[in-house]
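Asks: task: produce atomic coordinates for the following.
(chains A and B)
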Amino acid sequence: AQRVTQPEKLLSVFKGAPVELKCNYSYSGSPELFWYVQYSRQRLQLLLRHISRESIKGFTADLNKGETSFHLKKPFAQEEDSAMYYCALRRGNTGGFKTIFGAGTRLFVKA
Amino acid sequence: DTGVSQNPRHKITKRGQNVTFRCDPISEHNRLYWYRQTLGQGPEFLTYFQNEAQLEKSRLLSDRFSAERPKGSFSTLEIQRTEQGDSAMYLCASSPETGSYGYTFGSGTRLTVV
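Replies: Below you'll find the model as predicted:
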């Protein structure tokens, strides 16, 4: 069965410190991985996709198939990064297109 | 097009009543998804449509839940004989049919069953 695990419910860092939000997944096929973010009083929105290998708002994430991980990283956290972050897995063509979400990690960046 | 729109934003209902939520996706998106989110949890998949066809339903979707997407445009999610355990945020999202795009979410409908 597909599963997404975010081991930390809360992560608190100081402004300027590096941040890493962990995500591990289990899926026997070829997954597509995403990070979504929800800022206070805003809707859930896509942050980045593994397939695009992009950096958004200074965040990057690398898919490690050997470790089945897709950790989200930023070298220098900003106060505006404080939000709820969800890792998500979408099955590919052979498995339908629904997306499974982790339970989320709340990032709090302290001044 | 202002994105994915959901109505109402909030709904308070008495146990046993029926409720219906509406979702208007981005017009170019063929796929539409319904999720449920409770406090401290990530969104849980309920069902999804490709155009007007309902292609997958979660086991979470009991026979009290029904979703439709007539004509492949807006979608409705109906809950019959609501129970207190149905209290949650109901999220709608849409995506294009092709490509590895993520979802565009609506603001959600918060249901409270009293």
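
Asks: in contact with the closest residue to residue A:72 other than its chain neighbours, which residues?
Replies: Nearest residue to residue A:72 in three dimensions, chain neighbours excluded: residue A:21, at 4.3 Å (Cβ to Cβ, 6 or more residues apart in numbering or on different chains). Glycine gets a C-beta too; all of them are placed from N, C-alpha and C. Shown in contact with residue A:21 (Cβ atoms under 8 Å, 6 or more residues apart in numbering or on different chains): A:6, A:8, A:11, A:35, A:71-73, A:85, A:87, A:105, A:107.

Asks: next step: those residues restricted to strands.
Replies: In strands, defined here by DSSP state E, the members of these are A:11, A:35, A:72-73, A:85, A:87, A:105, A:107.

Asks: just the buried residues of those residues.
Replies: A:11, A:35, A:72, A:85, A:87, A:105, A:107 (16 or more other Cβ atoms under 10 Å in any protein chain shown).

Asks: what ranges do the strands span in chain A?
Replies: Under DSSP E, chain A gives strands at A:3-5, A:10-14, A:19-21, A:24-26, A:32-38, A:45-49, A:60-61, A:72-74, A:83-90, A:99-101, A:105-110.

Asks: residue B:37 is nearest to which of those?
Replies: Between residue B:37 and those, the tightest spacing by Cβ to Cβ is seen for strand A:99-101, at 8.6 Å.

Asks: no further queries at this time; thank you.
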